[in-house]
Structure formats: C-alpha cells, structure tokens
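my questions concern the predicted model and sequence given below.
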Amino acid sequence: MAFIPSLIIFVWLYFKKQKSANWSKICDTQLLEHFLVQNGKTASRYPSLLLLLTWLVTTFALAGPSWEKVKSPIFTNQDALIIILDLSQSMNASDLKPSRIQRAKHKISDLLNQRQEGQTALLVYAGDTHIVSPLTPDNKTISSFISVLDSSLMPVSGSNLNAALEKAKQLFINSGISYGQILLLTDGIQENQKEKLMMTISDLKKSSYILSIMGIGTVDGAPIPSPQVNEQNSHGFIKDINGNIVLSKLNESMLKQLAQSNQGKYHRMTLTNTDLEYLVQKPTNNFKYQEKHNKDKNDSQTISQQQWLDKGSLFVFLVLPFALLLFRKGWAN
C-alpha cells in the first residue's frame, strides 16, 4: 500500500513541471522566456525520478524482504488443567439447590475467573465424551459455553467416566503437555466401572497427569428427575425395575480411593472456594523449552519451528547515496 502514495506524488511533480509548457499555448514564444524564471538552467526531471526510486527502495526495505529461514526456540506453558464435568442424569438431582449440575457449573465459573494463567480445557461426559473446549489460555471463551451445558444435550445416556479420562489424556498428548492436572466434578461412579477406572488412572499416573475429584451431592442423596414425561404431563423420577424411586447418593469413599490412587486429592463441594483452593494447584510460569528434530524438511512440525529472517536492513545502504544527493544546494529545486 505504501507504493501508492509514492506514485501519486511522482505524478503530481511531473505535471507541476509541465506547467511551463502549457504557457506556450497562450503566450508568444518570444515573450515566454522573459516571464519564466529559469535561472539559466533547464529544469531537470532527475530529482523526481530519484525521489521516487528512494521511496520505493525504502518501502521495500520496511516490508521486510527475506530469503533465509532461521530456527526459532519453542516454549510451551506446562501449566495445564482439564476440567471434566459429569452430565449424567443423576446430576439433575436437587439435594444441592437448585441442582447438582447448576452448582457444578457455578463452581467451574468461579475456577475460570480465578485462573488467570496457564491453559485450561473443558470436557463433558455421560454415555460418551465431548470436548467443549480444547486446551486454551482463553478462559472467557470457555465461560461463555458453561450456561448452555445440560444433560439433555448428551446424545448417549449413562456415565462413562473411563472414556472421559482417556480423552483428557489425549488432549494433553496432542498439546505436547508432559505434566497436567485433571479436575473431575461428579456425583459418583458405577461400581462395575471401578476396576477399569483403576487401570486408566494408573496409566494417567505414569504419564504424570494427576486426577483430583470434587464430589457433587450429599450422602443422603435425592431422587433423579426423569427425562421422560409421564401420563400426568410431568417428568417424575427415575425408578428401578421394582418401581421404586432411585436415590442418587454421593459415594465419597470410592471417589477418595480413585483420587488417592493417582496421588490426587478429593474434596466435597463447598459454598466457599476452599474446595478449589485445596484441589487445584495455582498456575506457575512453568515454561518448558521444546525442540523437535525431524529429518523431513516438508514436515509441518519442522516448518513451524522456523522463522523468516528479515533482511530489510541491508537495503538501507542503497538508500544512503540518494539521501546524500538531497543535501546538494539547489539540486532538488
């Protein structure tokens, strides 16, 4: 874009030089030489041309021409937290007002507001797992998604925590994170999943991914609202095969065992932020230098570690001779 003003200025100077020629059409040629002051010199176009050339070279230099790449160090922030929210039907129980899921969403919002550094991700799960946000330092974007989270959004019912933990591990790996925290907000797990979960959590421990758990609910429990509408046009509550209303109770002993097996922590949700202060490590500026070696020059990871070297400063030497000419007395008149 900077070339355009230079062309406009050059055209303007060119037509300014042509004004004297226009007088010859309306004034006698013998008188014209007495009206125009030439100072014994013939007007030259060279200053205008050199001014244009100087401008073009300077603009080209400022554009940062480059024909060489240099390796650039890569630093990644190793403070990473993945939040996993249980969106199974039991999270709609109202032993915590207005519901377990609403209280959990408020708690996540509080955490995101407090967490000013590091990378954060949010996963939700029921019968399957979905990524609400991958690892990102932009907590405001994650917060904007929280209000719409609901168990009715989950296409598959159930409570497959194992799939959620596997997805969290994959997010860490894909982001090149060698150490990270996982915070699980849930009201419990099914007994038949315990053995498989213990194996998954053991694998997380080997990979330096620490799982901490926040228990949502009460030990007394509460009925689970049914997603189906009954004959009275109300949702009612989920019942077992014998027709008895199912009570969802917080099984803290099992959740503690899962967290401790991973060297993580467990804490029941509180009205204050003491639970978050206990469970979540505060981010530190833990930047790690990473350098990947790949013999394939076309590999995208290798290219991403190189930057074009700006050679614009070399063109300053071409501009200097033109600039010195401008200091000659009367040369640019």
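Here it is on my side, so go on. Numbers count the residues shown, from 1 in each chain.

which element is residue 183 on?
Counting by DSSP states H and E, the element that carries residue 183 is strand 180-186.

tell me which helix or strand comes right after that strand.
If you walk from strand 180-186 toward the C-terminus, the next helix or strand you reach (DSSP H and E) is helix 194-206.

and that following helix, what other elements does it pack with?
Taking 3 or more C-beta pairs under 8 Å, 6 or more residues apart in numbering; DSSP states H and E as contact, the helices and strands that helix 194-206 lies on are helix 161-174, strand 209-215, helix 252-261. The way it works is simple: take the backbone N, C-alpha and C, and place the C-beta from them, glycine included.

could you dump the ones you listed to TSV with distance to residue 108?
Conversion of those to TSV gives the following (distance: least, C-beta to C-beta, whole Å):
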stretch	distance to residue 108
helix 161-174	15
strand 209-215	10
helix 252-261	18
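
of all these, which one is nearest residue 109?
Comparing the helices and strands packed on helix 194-206 against residue 109 with C-beta to C-beta, the closest turns out to be strand 209-215 (13.8 Å).

quick one: mean pLDDT over that closest one.
With pLDDT averaged residue by residue, strand 209-215 scores 96.

give me the helices and strands touching it, please.
Contacts of strand 209-215 with other secondary structure elements, assessed using 3+ C-beta pairs under 8 Å, 6+ apart, are made with helix 161-174, strand 180-186, helix 194-206, helix 252-261, strand 266-268, helix 274-279.

the third one: which residues count as buried?
Spelled out, it's helix 194-206. Under the neighbour-count criterion of 16 or more other C-beta atoms under 10 Å, helix 194-206 has 197, 200, 201, 204 buried.

need the max-distance pair from these.
When C-beta to C-beta is used, the two most widely separated members of the buried residues of helix 194-206 are 197 and 204, lying 10.3 Å apart.

common neighbours of those two, please.
Residues touching both residue 197 and residue 204 comprise residue 165, with contact defined as C-beta atoms under 8 Å, 6 or more residues apart in numbering.

what about stretch 208-220, start to end distance?
35 Å (C-alpha to C-alpha, to the nearest Å).

cool, and stretch 221-240?
Looking at stretch 221-240, the gap from its leading to its trailing residue is 16 Å under the measure C-alpha to C-alpha.

that older thread, which one of the helices and strands packed on strand 209-215 is the most hemmed in?
Burial among the helices and strands packed on strand 209-215, expressed as mean neighbours by mean count of other C-beta atoms under 10 Å, is greatest for strand 180-186, which shows a mean of 25.

each with direction, which strands does that one pair with?
strand 80-86 (parallel), strand 209-215 (parallel) (DSSP bridges).

relative to residue 8, tell me which of the ones you listed wins on proximity.
Proximity of the strands paired with strand 180-186 to residue 8 was assessed by C-beta to C-beta; the nearest stretch is strand 80-86, lying at 52.6 Å.

what's the angle between that closest one and helix 161-174?
Here the directions of strand 80-86 and helix 161-174 differ by 160 degrees (axes from the mean of the first three to the mean of the last three C-alpha atoms, to 10 degrees).

and the next helix or strand after strand 80-86, what's buried?
As assigned by DSSP H and E, the chain's next helix or strand after strand 80-86 is helix 100-114. Neighbour counts over helix 100-114 (16+ other C-beta under 10 Å) mark 100, 101, 102, 103, 104, 105, 107, 108, 111, 112 as buried.

pLDDT below threshold where in this structure?
Within the chain, the stretches falling below the threshold (pLDDT under 70) are 1-7, 9-52, 55, 60-64, 66-78, 229-235, 283-317, 319-320, 322-333.

kindly recompute the last result at 90.
When the per-residue scores of the chain are filtered using pLDDT under 90, the ranges that remain are 1-79, 116-118, 175-176, 178-179, 190-194, 226-243, 251, 262-263, 281-333.

okay, domains of it per the record?
Each domain of the chain is listed here as a residue range: 3-67+311-325, 75-284, per automatic domain parsing.

highest average neighbour count across those domains?
Note that of those, domain 75-284 is the most buried (mean count of other C-beta under 10 Å), with a mean of 17.

any idea how far residue 57 is from residue 318?
In this structure, residue 318 and residue 57 are 5 Å apart, going by C-beta to C-beta, to the nearest Å.
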